[in-house]
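Student: take this sequence and fold it.
(one chain, ligands or ions: 1)
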Amino acid sequence: MTRAATGPVDQLIEYVESLKMQGITRCDVSPDTLARLTPAASRAPTRAARKPAAPSAAGGTLEEIAERIAVCRHCGLCETRTKTVPGQGNPKPELMFIGEGPGADEDKQGLAFVGRAGQLLTKIIEAMGFSRNEVFIGNIVKCRPPGNRTPTQDEMEACLPYLHEQIAILKPKVIVCLGATAVKGLFGPDVGGITKIRGQWKSFEGIDTMPTYHPAYLLRNPAGKKDVWADMKAVLKRMNRPVPTKSA
Ligand code: URA
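Tutor: As a prediction, this is how the structure comes out:
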């Protein structure tokens with residue numbers, strides 16, 4: 001039995017159902033159209049109204065999460081972004097790196113850690129004996145904060161459900177948190193300063209998690225590289241991987 005379509009959303013549902021009946025299982029929808037279909041109530045909810053999504057509640061895949069991120073309007077960063085940066089890499093990684101949020105290069109390309117800090121991260125990953133494609137690289141927020149400022153607590157809270165869903169799907173053996181924002185994103189604002197807690201194992205949802213310095217910090221303070229290398233050696237040991245003698 002067909003329902004009488006009452007409004008544009010009903011009409012759309014009816015149209016998609018008719019496609020399904022014809023055996024059509026895919027159709028292209030532009031991010032703009034999806035954004036316009038997003039009910040006003042689900043845009044930019046207040047902090048009180050915002051509830052973290054249960055991990056993978058939508059039965060999501062990484063691609064499906066990235067599609068939702070592409071049209072996300074849960075915080076003001078959507079107004080100034082060029083591209084969303086959902087994160088990329090091995091969908092079944094042993095190792096996951098989490099940074100703060102996209103910078104200018106990432107915002108242009110839609111890829112995490114492709115600027116100067118990203119090049120240093122690549123060196124660290126390769127010195128550990130991995131390629132970038134073998135690990136997953138993501139961020140706390142998926143849109144660039146203007147001028148590369150630190151994301152606000154509200155922006156982090158609006159975006160974190162995506163990361164939680166990604167981690168639940170990726171199930172890495174070990175997570176490396178790059179810098180203070182990444183650690184605060186996973187463990188809350190009172191977790192302590194990065195200088196104090198780097199190198200100390202933590203557990204996120206049962207996953208061994210190593211906080212260390214952000215590569216952008218290392219570009220300004222190369223003396224911190226030896227600490228990061230010590231942290232990465234601890235990661236390799238925890239993963240039962242060979243520990244190279246040469247650092248990044
Ligand atoms: N810094 C981050 O924290 N993430 C990126 O993707 C790039 C730079």
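Student: measure stretch 179-192 end to end?
Tutor: 12 Å (Cα to Cα, to the nearest Å).
Student: which residues sit against that stretch?
Tutor: 98-101, 139-140, 150-151, 153, 156, 160, 163, 175, 177, 193-194, 197, 202, 204, 209, 211, 213-214, 216-217 (Cβ atoms under 8 Å, 6 or more residues apart in numbering). Backbone N, C-alpha and C define where each C-beta goes, glycine included.
Student: how does it look with 6 Å?
Tutor: Stretch 179-192 is contacted by residues 98-100, 140, 150, 156, 177, 194, 204, 211, 214 when judged by Cβ atoms under 6 Å, 6 or more residues apart in numbering.
Student: now do stretch 143-158
Tutor: By Cβ under 6 Å, 6+ apart, stretch 143-158 touches 47, 74-75, 77, 80-81, 84, 101-103, 107, 140-141, 181, 185.
Student: go through that stretch and flag the buried ones.
Tutor: Buried residues in stretch 143-158, defined by neighbour count with 16 or more other Cβ atoms under 10 Å: 143-145, 150-151, 155-158.
Student: with distance to the ligand and pLDDT added, can I get the residues you listed in JSON lines?
Tutor: Compiled in JSON lines, those are given as follows (distance: Cβ to the nearest ligand atom, whole Å; pLDDT from 0 to 100):
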{"residue": "Cys143", "distance to the ligand": "11", "pLDDT": "98"}
{"residue": "Arg144", "distance to the ligand": "9", "pLDDT": "98"}
{"residue": "Pro145", "distance to the ligand": "10", "pLDDT": "98"}
{"residue": "Thr150", "distance to the ligand": "10", "pLDDT": "98"}
{"residue": "Pro151", "distance to the ligand": "10", "pLDDT": "98"}
{"residue": "Glu155", "distance to the ligand": "13", "pLDDT": "98"}
{"residue": "Met156", "distance to the ligand": "12", "pLDDT": "98"}
{"residue": "Glu157", "distance to the ligand": "17", "pLDDT": "98"}
{"residue": "Ala158", "distance to the ligand": "17", "pLDDT": "98"}
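Student: export those to JSON lines and tack on secondary structure?
Tutor: Formatted as JSON lines, the buried residues of stretch 143-158 follow (DSSP: H, G, I helix; E, B strand; the rest coil):
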{"residue": "Cys143", "secondary structure": "coil"}
{"residue": "Arg144", "secondary structure": "coil"}
{"residue": "Pro145", "secondary structure": "coil"}
{"residue": "Thr150", "secondary structure": "coil"}
{"residue": "Pro151", "secondary structure": "coil"}
{"residue": "Glu155", "secondary structure": "helix"}
{"residue": "Met156", "secondary structure": "helix"}
{"residue": "Glu157", "secondary structure": "helix"}
{"residue": "Ala158", "secondary structure": "helix"}
